[in-house]
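**Q** predicted model and sequence follow; I will ask about them next.
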Amino acid sequence: MAPVAAVRRTVRALPVALVVMLLVLPSLVVVPMSFSSGQILEFPPQGFSLRWYQAIASNEVWIEAARNSLAVALAVVVLSTLIGGPAGIALGLWRWRGRSLFLGFALVPAVMPPMVLALGMYITYARFDLIGYWGLVAAHTVMALPFVVLTVMSSAQLVDPTLLTAAQSLGAPRWRVLVEIVLPLVKGGLAAGAIFAFITSWDEVVVAIYLTDPTFKTLPVVMWNQLRERVDPNVAVVATLLFAVTSLVMAYVVLKGERKQRVQ
Amino acid sequence: MSQPRTGSLHWLLILPLLAVLAVLFIAPLYFVIERGFTDPPGAGWDNYQRALEDPAARRYAWNTIRTAFTVTLCASVLGYTYAYATFRASRRMRVFLLYCVLVPFWTSLLVRTYAWAIMLRDEGVINKTLGSIGLIDAPLPLLRNSFAVTLGMTQILLPFVILPCYSAMTRVDVSLVQAARSLGATPTSAFFRVFLPLTRPGLAAGAFLTFILATGYYITPVLLGGPGDQPVAVLIENAVQQQGDWGLAGALAALVTVLVLVALMAGWRSLTRSVLESGRRS
């Protein structure tokens, strides 16, 4: 009986194990590849060395691109939370006519084919001489807004309406209720939205290819150009560094969330 | 749940978003579609006729739709199974499985896609392993075909199925399943006749989202696919970059946009339901 049960359990766990592999494998193989001592990007890597890390540290192109990406992503975070946050609050807090239509409209940019967005933005922004930094900030803000709206909306839905009624019946004007009661309560949603906005911009390739020029390139654009030409472990190093940074940020967020849950 | 009296305050809060999307999103969409009618001058519907009659364009369209369907099917089956396993797992296991869903988001999409290319090629780790244990004589053709594209896209889109499915499962009233069991239903029929129907909105939302996103994919088919797997996005890019044919590109962009919007409307109910409820008690 026992072996049958064990076999059955294994068979049942198999698809899940496969999906786990599918999810994490591509992220994991990148790390050893970055420590390769060989000339080309391969797995398993040849030997072990830090030479490609040294190469990155002294390569102006990558550093410049990383700086550009960071500058774009930070501006996108600020703009998309400022614009999407209030809309998310309005969607989550109240019911009003046209609410679900507006929600749909606000979410469409996230599902539009990037190539269509890229061409449209290219011809439109070029008219206003927006190719480069501000054009890319504008484009990525549009693409990040749906995520901010969604996350803020879901945390605004959790706000207890009696709090609002209480504050209002005590004479607080509506804008004060929003700023002093709702805003602190949706802080978590805003933070989650900000993280999504950052990742959206930081990782975006297709639109960035069209809205950047040789004097202003972001990290994914440089990676894309590299991957289509000569593939050396540089790309793996950059990916590993990014992986390390995001893992740390996510671990911090998860741990903080856990602690908060325990306190509550 | 919601406060009844809002006055017009909500307008003030959504106005910035409306203005930004109108100028930075709708205007670009309008201008690229307009090109389809005005390039060359007086083109009218000519570009659409060209797009619909060109056998190459038809092939690209077929590639796009076929890939989107395959990926949606794979991601839905795997994603639902995974979400169910997560739902049923012990607390510790659940944290681990949910963590794994988030890992892909931490690695650049480009790099993840390229990692597949490295693993799948003839000298890659998969073919080498299979060869060294004697299972195959010649390397399996794993790269530059629909298999590679499906694998790469499923990997990227799986979280979009898993998360809404899991969230729908946490909202199911488990006593309904127990009631079905106590009334004599086998575990299998309790699952298929009670649990699955109750979580179908989550699955539908994930599947629609996957399909819609898959129709717009560009990077993955270019890096992993063969000539027979290239989607409409590549055709649009070729029209612009190689032929400077903005008219055709505009018409194709309009057609893809219509496809996305139709799919969005078809999945509208389940998508908004899943989105509007996901914040509610879990």
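**A** Cool, the structure landed.
**Q** pLDDT below threshold where in chain B?
**A** Residues of chain B that meet the criterion pLDDT under 70 lie in B:1-7, B:274-282.
**Q** go with 80
**A** Counting by pLDDT under 80, the low-confidence segments of chain B come to B:1-8, B:105-107, B:269-282.
**Q** and for the stretch 1-150 of chain A?
**A** Screening the stretch 1-150 of chain A residue by residue with the criterion pLDDT under 80, one finds the ranges A:1-6, A:8-12, A:37-47.
**Q** which is the next helix or strand following the helix or strand harbouring residue A:210?
**A** Assessed by DSSP states H and E, residue A:210 sits inside helix A:206-211. Once the chain leaves helix A:206-211, the next helix or strand it forms, by DSSP H and E, is helix A:219-228.
**Q** just give me how far that next one sits from the chain centre.
**A** Between the centre of helix A:219-228 and the centre of its host chain there is 18 Å, according to CA atoms, centre = their mean, to the nearest Å.
**Q** any residues touching it, and which ones?
**A** If you take CB atoms under 8 Å, 6 or more residues apart in numbering or on different chains as the criterion, helix A:219-228 is touched by A:61-62, A:65-66, A:68-69, A:202-205, A:208-209, A:212, A:232, A:234-235, A:238, A:242, B:108, B:110-111, B:114, B:219, B:223. From N, CA and C alone the C-beta is placed, and that goes for glycine too.
**Q** which of these count as buried?
**A** With neighbours counted by 16 or more other CB atoms under 10 Å in any protein chain shown, the contacts of helix A:219-228 contain buried members at A:62, A:65-66, A:68-69, A:202-205, A:208-209, A:212, A:232, A:234-235, A:238, A:242, B:108, B:110-111, B:114, B:219, B:223.
**Q** the closest residue to residue A:233 other than its chain neighbours: how many residues sit nearby?
**A** Nearest non-adjacent residue to residue A:233, counting by CB to CB, 6 or more residues apart in numbering or on different chains: residue A:52, 4.3 Å away. Residue A:52: 25 surrounding residues under other CB atoms under 10 Å in any protein chain shown.
**Q** picking up where we left off before, can you flag which of the buried ones among the contacts of helix A:219-228 belong to helices?
**A** Per DSSP state H, helices hold the following members of the buried ones among the contacts of helix A:219-228: A:62, A:65-66, A:68-69, A:202, A:208-209, A:234-235, A:238, A:242, B:110-111, B:114, B:219, B:223.
**Q** and residue A:175, how many neighbours does it have?
**A** Using other CB under 10 Å, residue A:175 has 10 neighbouring residues.
**Q** which ones are touching it?
**A** For residue A:175, the contact set (CB under 8 Å, 6+ apart) comprises residue B:9.
**Q** which secondary structure element contains it?
**A** helix A:174-177.
**Q** distance of residue A:229 from residue A:217?
**A** If you measure residue A:229 against residue A:217 using CB to CB, to the nearest Å, the figure is 14 Å.
**Q** which bits of the stretch 51-200 of chain B sit near chain A?
**A** Taking CB under 8 Å from any CB of the partner chain as the criterion, the stretch 51-200 of chain B approaches chain A at residues B:78-79, B:81-82, B:85, B:97, B:99-116, B:118-119, B:123-125, B:151, B:154-155, B:158-159.
**Q** can you say which of those residues are buried?
**A** If we count by 16+ other CB under 10 Å, those have these buried: B:78-79, B:81-82, B:85, B:97, B:100-116, B:118-119, B:124, B:151, B:154-155, B:158-159.
**Q** where does whatever residue of the stretch 151-264 of chain A ends up closest to chain B sit: helix, strand or coil?
**A** Scanning the stretch 151-264 of chain A for the residue nearest chain B gives residue A:154, at 3.1 Å (criterion: CB to the nearest CB). With DSSP: H, G, I helix; E, B strand; the rest coil as the basis, the three-state label of residue A:154 is helix.
**Q** next one: the one 5 residues further on
**A** On the three-state scheme (three-state DSSP), residue A:159 is labelled coil.
**Q** from what I see, it and residue A:186 are in contact.
**A** Yes - proximity of residue A:159 to residue A:186 meets the contact threshold set by CB atoms under 8 Å, at 7.1 Å.
**Q** out of those two, which sits in the more crowded spot?
**A** residue A:186 (25 against 20).
**Q** can you tell me how far residue B:16 sits from residue B:66?
**A** Residue B:16 sits at a distance of 41 Å from residue B:66 (criterion: CB to CB).
**Q** who touches the helix or strand that contains residue A:192?
**A** Assigned by DSSP H and E, residue A:192 belongs to helix A:187-202. Outside of helix A:187-202, the residues within contact range by CB under 8 Å, 6+ apart are A:69-70, A:72-74, A:76-77, A:80-81, A:84-85, A:88, A:140, A:143-145, A:147-156, A:219-220, A:242, A:246, A:249, A:253, B:105.
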